[in-house]
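1. Would you be able to build a 3D model of this:
(one chain, ligands or ions: 2)
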Amino acid sequence: MQTRSAVSSNLTLTGRVARQSAETSFQHESAEDRTIKISVEQLNFYYGRSRALHDITLAIPAKRITAFIGPSGCGKSTLLRSINRMNDIIPGIRVDGHIKLDGEDIYAPGTDVVTLRSRIGMVFQKSNPFPRSIFDNVAYGLRVNNLARSRTEMRDRVEESLKQAALWNEVKDRLKESALALSGGQQQRLCIARALAVRPDVVLMDEPASALDPIATQKIEELIGELKEHYTIVIVTHNMQQAARVSERTAFFWLGKLIEVSETEKMFTNPGEKLTEDYITGRFG
Ligand SMILES: Nc1ncnc2c1ncn2[C@@H]1O[C@H](COP(=O)(O)OP(=O)(O)OP(=O)(O)O)[C@@H](O)[C@H]1O
Ligand SMILES: [Mg+2]
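-> Numbering: from 1, shown residues only. Ligands and ions are numbered 1, 2, ... in the order given. Coordinates of the predicted model:
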């Protein structure tokens, strides 16, 4: 059996292996070694008889920020939720194709979905703290997955996560207070801390700042920039400026299809497809 590191080094986007990769476009972009963290291969997704994703093939590089953009209803959230199998709970769905995390198919029979979701955390548009204390919100995943061996370790990991989410200074003296007493922007950073506490590899964010004011949005954007050193991040956003500011790669979707994926700067200055250009210049959407 291959170890995880052997699997990911097989996926390094250089030389011969790169030419075999599902998405060939980044081999021209940099000579630097780049590892694929998530590989979506010919993915089709159905809600009952309605097909929401058509034959999506997309490689998501490790420790970079990838943005999903496109008009409402084009399938961004469906794809994002497919990456940690959050769609599984919706009755009548069907998925075909593959999504691989470090080369292993997450839809393979026998995949432990709880472990998968601790490796791939998620932050939603509307912050959803539990009606518990600030501390208990962040400790939640550690408790459920039995990840802290002592109370000291639990405290340390809660503190570490709150610091990573740039919230520690604002809450360190009120950890026992209800999370619901925090402001909207603080609640969203708390949800980010909760996702980080289990030390995932990947963080999926579905419009994480769309309900926030400009200052709270800026904080979340700065935070996302800092997190990419340690995490692979995928962010869905409706805000084109936000995609341009925070992400390094952008994927544009339209009617359930992936129209174009490239380096963000290229996408916004010299898109390859007319449809992308029309969308980013505001001609529709
Ligand atoms: N639970 C569901 N049951 C049935 N159809 C759904 C469900 N969720 C989404 N869809 C449909 O799948 C398609 C893609 O929806 P999705 O939510 O992925 O779009 P989106 O790009 O995230 O849109 P938005 O920008 O509005 O959030 C839409 O046609 C939507 O109506
Ligand atoms: Mg959505």
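2. need the residues of the protein near ligand 1, please.
-> The chain comes close to ligand 1 at residues Tyr47, Ala52, Gly70, Ser72, Gly73, Cys74, Gly75, Lys76, Ser77, Thr78, Ile90, His238, as judged by C-beta under 6 Å from any ligand atom. For the C-beta atoms, the positions are set from N, CA and C on the backbone; glycine is no exception.
3. Please enumerate the strands of the chain.
-> 36-47, 50-61, 65-69, 93-101, 104-105, 120-123, 202-206, 232-236, 249-254, 257-263 (DSSP state E).
4. Tabulate those strands (CSV), appending mean pLDDT.
-> Output for the strands of the chain, formatted as CSV (pLDDT from 0 to 100):
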stretch, mean pLDDT
strand 36-47, 98
strand 50-61, 98
strand 65-69, 98
strand 93-101, 97
strand 104-105, 96
strand 120-123, 95
strand 202-206, 97
strand 232-236, 97
strand 249-254, 98
strand 257-263, 98
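5. Including mean neighbour count, could the ones you listed go into JSON lines?
-> Shown next, in JSON lines, are the strands of the chain (neighbours: other C-beta atoms under 10 Å):
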{"stretch": "strand 36-47", "mean neighbour count": "19"}
{"stretch": "strand 50-61", "mean neighbour count": "18"}
{"stretch": "strand 65-69", "mean neighbour count": "26"}
{"stretch": "strand 93-101", "mean neighbour count": "18"}
{"stretch": "strand 104-105", "mean neighbour count": "14"}
{"stretch": "strand 120-123", "mean neighbour count": "23"}
{"stretch": "strand 202-206", "mean neighbour count": "24"}
{"stretch": "strand 232-236", "mean neighbour count": "25"}
{"stretch": "strand 249-254", "mean neighbour count": "25"}
{"stretch": "strand 257-263", "mean neighbour count": "19"}
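6. Isn't Lys176 up against Ile134?
-> Yes. Lys176 lies in contact with Ile134 (C-beta atoms under 8 Å); the separation is 7.5 Å.
7. so what's Phe135 up against?
-> Counting by C-beta atoms under 8 Å, 6 or more residues apart in numbering, Phe135 touches Val158, Leu175, Lys176.
8. Can you tell me which of the residues you listed end up in helices?
-> Val158 (DSSP state H).
9. In CSV: the contacts of Phe135, plus pLDDT.
-> Listed next are these as CSV, based on pLDDT from 0 to 100:
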residue, pLDDT
Val158, 98
Leu175, 98
Lys176, 98
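10. ok, of the contacts of Phe135, which come out buried?
-> The neighbour count (16 or more other C-beta atoms under 10 Å) marks Val158, Leu175 as buried among the contacts of Phe135.
11. Including distance to Val202, could the contacts of Phe135 go into TSV?
-> Shown next, in TSV, are the contacts of Phe135 (distance: C-beta to C-beta, whole Å):
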residue	distance to Val202
Val158	21
Leu175	27
Lys176	31
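12. And the residue of the stretch 101-250 of the chain that's closest to ligand 1?
-> His238 (5.9 Å; C-beta to the nearest ligand atom).
13. Please verify my assumption that that residue contacts Ser210.
-> Yes. Counting by C-beta under 8 Å, His238 touches Ser210, with 6.4 Å between them.
14. got a list of what Gly97 touches?
-> For Gly97, the contact set (C-beta under 8 Å, 6+ apart) comprises Val40, Glu41, Gln42, Leu43, Asn44, Asp55, Ile56.
15. And those, which is closest to Trp168?
-> Relative to Trp168, the closest of those is Val40; by C-beta to C-beta it sits at 34.8 Å.
16. partner residues bridging the closest one?
-> Taking DSSP bridges, one obtains Leu58, Ile99 as the residues bridged to Val40.
17. list the contacts for it?
-> Ala22, Ile56, Thr57, Leu58, Ala59, Ile60, Leu79, Ser82, Ile83, Gly97, His98, Ile99.
18. measure it to Leu275 for me?
-> 20 Å (C-beta to C-beta, to the nearest Å).
19. what does stretch 118-127 contact?
-> With contacts defined as C-beta under 8 Å, 6+ apart, stretch 118-127 is touched by 80-81, 83-84, 86, 101, 141, 145, 184, 187-188, 190-192, 195-196, 198, 200-208, 210-211.
20. redo that, cut-off 7 Å
-> Applying C-beta atoms under 7 Å, 6 or more residues apart in numbering, the external contacts of stretch 118-127 come out as 83-84, 86, 101, 141, 145, 184, 187-188, 191-192, 195-196, 198, 200-208, 210-211.
21. any chance you could map the helices in the stretch 101-250 of the chain?
-> 113-119, 134-144, 151-164, 168-171, 184-197, 214-227, 240-246 (DSSP state H, counting those that start in this stretch).
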